[in-house]
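Predicted model and sequence below, questions to follow.
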Amino acid sequence: MKTVLTIAGSDSGGGAGIQADIKAISANGAFGMSVITAVTAQNTKEVRSVQQIDLKIIQDQIEAVFDDIQVDAVKIGMLGNVETVHVVAEALKKYKPKCIVVDPVMISKGGHYLLEESAVEALKKEILPLSSIITPNIPEAEVLIGRTLQTEEELYKACEQIMEMGVEAVLIKGGHLMGPPNDLFYNGEDFHWLKAKRIYTKNTHGTGCTLSSAIAANLAKGSTVLEAVTLAKQYITTAITHSLALGSGHGPTHHFYDLYESSKMGMK
Ligand SMILES: Nc1ncnc2c1ncn2[C@@H]1O[C@H](COP(=O)(O)OP(=O)(O)O)[C@@H](O)[C@H]1O
Ligand SMILES: Cc1ncc(COP(=O)(O)OP(=O)(O)O)c(N)n1
């Protein structure tokens, strides 16, 4: 069994954060482990409050896992503040996991800041150079490069600029585009578009967390980065196609659609 460690925040509503990560990692055939950086009181409508976890406990969680269990891939989600960025970066430098997928979580769909603005520079300097792939959505990519993104040409340029920050590959996600939700992958040599049809649903809570965790699971299982993003794109498209109308805001995606279908459990 290959393993993925997610270092991220908890979402009490279960659709994003650590909860989405563990579901997506499991659904993609790997064993999920977690380091919780923050606890959010969150549902499908809003983030009500956030408690950052004590830095010593974050460090202890990381060490407890790495000192005992083989970690085949790491996924990084919500870090919250500069201090947490620093503790996580130092631990990753110490343990040197082979694959690190960074979802640079900054703002929730409801507009709540999940990364203090002052922590963006630390994320760029300390975490990005360690990453196998970074998966910003359009607003996150805009923050990373410091300008707005509108045209395809600008997306290609943004990929190149993000590569210069020291990552091995970048996937700019297209969920926030007006047209089809196509994602642009770049590994420093080739560009690839991962194409999909837009699914017209408001139930897209946790799509970024789910996609990055699926990428990490596939990397842990031995896929190349391009294979991992291709498989993960197919997975997230199915999960959104069969997303769940839970709560009155943005409901979650269906992490286990294929499994439930094959065992005839169903879940609507
Ligand atoms: N309505 C949709 N239909 C199909 N795919 C979508 C839709 N919304 C998002 N996606 C896909 O889900 C993944 C997550 O993207 P996005 O929603 O942009 O990330 P985030 O949750 O970080 O904002 C991407 O592969 C994106 O193309
Ligand atoms: C605890 C926590 N982590 C991350 C997010 C953001 O998740 P994302 O997949 O980007 O989905 P939306 O929040 O945009 O729906 C979160 N909300 N909570």
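That came through fine. Ligands and ions are numbered 1, 2, ... in the order given.

tell me the SS of Lys93?
Secondary structure state of Lys93, per DSSP: H, G, I helix; E, B strand; the rest coil, is helix.

next one: the helix or strand hosting Ile215 to chain centre, how far?
Secondary structure from DSSP states H and E places Ile215 in helix 207-220. Averaging C-alpha positions (Cα atoms, centre = their mean, to the nearest Å) puts helix 207-220 7 Å from its chain's average.

pLDDT on it, on average?
On average, the pLDDT along helix 207-220 is 98.

so, in contact with ligand 1 or not, the very next helix or strand once past it?
The element immediately downstream of helix 207-220 (helix or strand, assigned by DSSP H and E) is helix 225-241. Yes: judged by Cβ under 6 Å from any ligand atom, helix 225-241 comes into contact with ligand 1 at Lys233, Ile236, Thr237, Ile240. Any C-beta I mention is one placed from the backbone N, CA and C, and that applies to glycine too.

pLDDT wise, what is the second one at?
Right, Ile236. Looking at Ile236, the pLDDT reads 98.

For it, which residues are in contact?
Counting by Cβ atoms under 8 Å, 6 or more residues apart in numbering, Ile236 touches Thr207, Thr210, Leu211, Ala214, Thr253.

run the last query once more with 7 Å
Thr207, Thr210, Leu211, Ala214 (Cβ atoms under 7 Å, 6 or more residues apart in numbering).

now do the first one
Contacts of Lys233 were listed using Cβ under 7 Å, 6+ apart, and they are Asp183, Leu194, Ala196.

what separates the second one from Ala16, distance-wise?
When Cβ to Cβ, to the nearest Å is applied, the distance between Leu194 and Ala16 equals 21 Å.

Which one's more surrounded, these two?
Ala16 (31 against 21; other Cβ atoms under 10 Å).

hang on, isn't the more buried one packed against Thr207?
No: applying Cβ atoms under 7 Å, one finds Ala16 not in contact with Thr207, separated by 8.5 Å.

Contact residues of the chain facing ligand 1?
Residues of the chain found near ligand 1 (Cβ under 6 Å from any ligand atom) are 137, 173-176, 181, 183, 196, 198-199, 204, 207-208, 211, 233, 236-237, 240.

For PyMOL, write the selection for the buried entries among those.
Only the buried entries of these go into this PyMOL selection, using 16 or more other Cβ atoms under 10 Å:
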select buried, resi 137+173+174+175+181+183+196+199+204+207+208+211+233+236+237+240
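
Please list which of the residues of the chain next to ligand 1 also come close to ligand 2.
Thr207, Gly208.

I'd like to know which of the contacts of Ile236 is nearest to ligand 2.
The nearest member of these to ligand 2, counting by Cβ to the nearest ligand atom, is Thr207 at 5.3 Å.
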